[in-house]
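1. Provided below for reference: sequence and predicted model.
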Amino acid sequence: MMSSDLTGARLELRQRLGAGARYDSSAAPAAELRYARLGTAYFARKLNELSDGELALPSLVPGWTRRHVIAHVGFQARALARLVEAARLGRRREMLEEPEAQNEDIAFGASLPAHALRYLFKHSQVHLDVEWRDLDEAGWRAQVEPLNGGLVEIAQTPWLRTREIWLRAVDLDNGASLLDVPSEVVDRLLREAAQALDMRGQPFSLTLKPTDRVASIVIGSGKNTVSGTAVDLLRWLTGRGPRRSLVFDREIADPPFWPEKP
């Protein structure tokens, strides 16, 4: 249903904008792009509600102020934009000039004047959005090697941004809530958080039972059961909320914070 709605909306938009307009390729992952853009607008709103002085207050990320969160979000957008740009230009690797690399340290970014920090967020998200919009079908199918090695599928970059921007909006600790996150994004974040916990080799053996969903999620052997709404489970599993709304069949420790600091 959602795919059909998005297809119709794209067609209507193209008709309104005319033949000379620039818009996303039909090969682009429309749903993920929509969620990334919604999350960016949400983060921007929560950021704009903060005064310059309030940027220095603690965030929900241990050891980080709100400044660190904003710098991280800006630098992530820059990094993703470089990957998409490489795909657009037919390059196999991300390119970064050394002076820029030195300036993409989160501690350095957190020390910027407030106006520069706000500009970093705004400019980086515009740059990323332009790169996505200008990418053709071949670019969306490409894989690019980032600076830290491995391969990134360019079609996954909207989701990488979606995951980061919604969770980091909550990390600003300025009234953002996981209740505001689209339900499809909550479901995917919950699965990914469970997978991340399962892959760490931690002594967690859980069955997550969302009371407002049909399917359960099993971590390890699944011998311990935790029940609650999908949002409450996600809050607890990502270290962004209390456990008091959940029902445990036995006492277990809280899981590590996710996603962790870079």
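-> Cool, got the structure.
2. Ignoring the adjacent residues along the chain, who's closest to F248?
-> In space, F248 comes closest to V226 once its chain neighbours are excluded; the distance is 5.6 Å by CB to CB, 6 or more residues apart in numbering. C-beta here means a position set from N, CA and C on the backbone, and glycine is covered the same way.
3. Let me see the ranges of the strands in this protein.
-> When secondary structure is read from DSSP state E, the chain shows strands at 143-144, 152-153, 206-210, 217-219, 224-228, 247-248.
4. that older thread, and the residue nearest to F248, how close does it get to A169?
-> Between V226 and A169 the distance is 25 Å, computed by CB to CB, to the nearest Å.
5. List the residue ranges of the stretch 1-150 of the chain that fall below the pLDDT cut-off.
-> In the predicted model, the stretch 1-150 of the chain carries pLDDT under 70 at residues 1-22, 97-103.
6. mind listing the helices in the protein by residue range?
-> Under the criterion DSSP state H, the chain contains helices at 2-17, 30-48, 66-88, 98-103, 106-110, 114-133, 137-141, 157-171, 183-199, 230-237.
7. where does the stretch 151-262 of the chain have low pLDDT?
-> Across the stretch 151-262 of the chain (using pLDDT under 70), the flagged ranges come out as 200-203.
8. what pairs with the residue nearest to F248 across the strands?
-> Partner residues in beta bridges with V226: L208, F248, with DSSP bridges as the criterion.
9. Looking at the helices of the chain, which is nearest to P256?
-> Shortest separation from P256 across the helices of the chain is recorded for helix 183-199, at 7.4 Å, computed as CB to CB.
10. The closest one: how far from the chain's middle?
-> Put simply, helix 183-199 sits 12 Å off its chain's centre (CA atoms, centre = their mean, to the nearest Å).
11. what helices or strands is it leaning on?
-> Contacts of helix 183-199 with other secondary structure elements, assessed using 3 or more CB pairs under 8 Å, 6 or more residues apart in numbering; DSSP states H and E, are made with helix 30-48, helix 157-171, strand 206-210, strand 217-219, helix 230-237.
12. In JSON lines, list the ones you listed along with distance to E131 and mean neighbour count.
-> Below are these laid out as JSON lines (distance: least, CB to CB, whole Å; neighbours: other CB atoms under 10 Å):
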{"stretch": "helix 30-48", "distance to E131": "12", "mean neighbour count": "19"}
{"stretch": "helix 157-171", "distance to E131": "9", "mean neighbour count": "24"}
{"stretch": "strand 206-210", "distance to E131": "35", "mean neighbour count": "21"}
{"stretch": "strand 217-219", "distance to E131": "34", "mean neighbour count": "20"}
{"stretch": "helix 230-237", "distance to E131": "29", "mean neighbour count": "24"}
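13. Turn those into JSON lines, including distance to G63.
-> Conversion of those to JSON lines gives the following (distance: least, CB to CB, whole Å):
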{"stretch": "helix 30-48", "distance to G63": "20"}
{"stretch": "helix 157-171", "distance to G63": "12"}
{"stretch": "strand 206-210", "distance to G63": "27"}
{"stretch": "strand 217-219", "distance to G63": "26"}
{"stretch": "helix 230-237", "distance to G63": "20"}
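14. Out of these, which gets nearest to A71?
-> For those, distance to A71 was read as CB to CB. The smallest value, 10.6 Å, belongs to helix 157-171.
15. dump the residue contacts of P242.
-> P242 makes contacts with 235-236, as judged by CB atoms under 8 Å, 6 or more residues apart in numbering.
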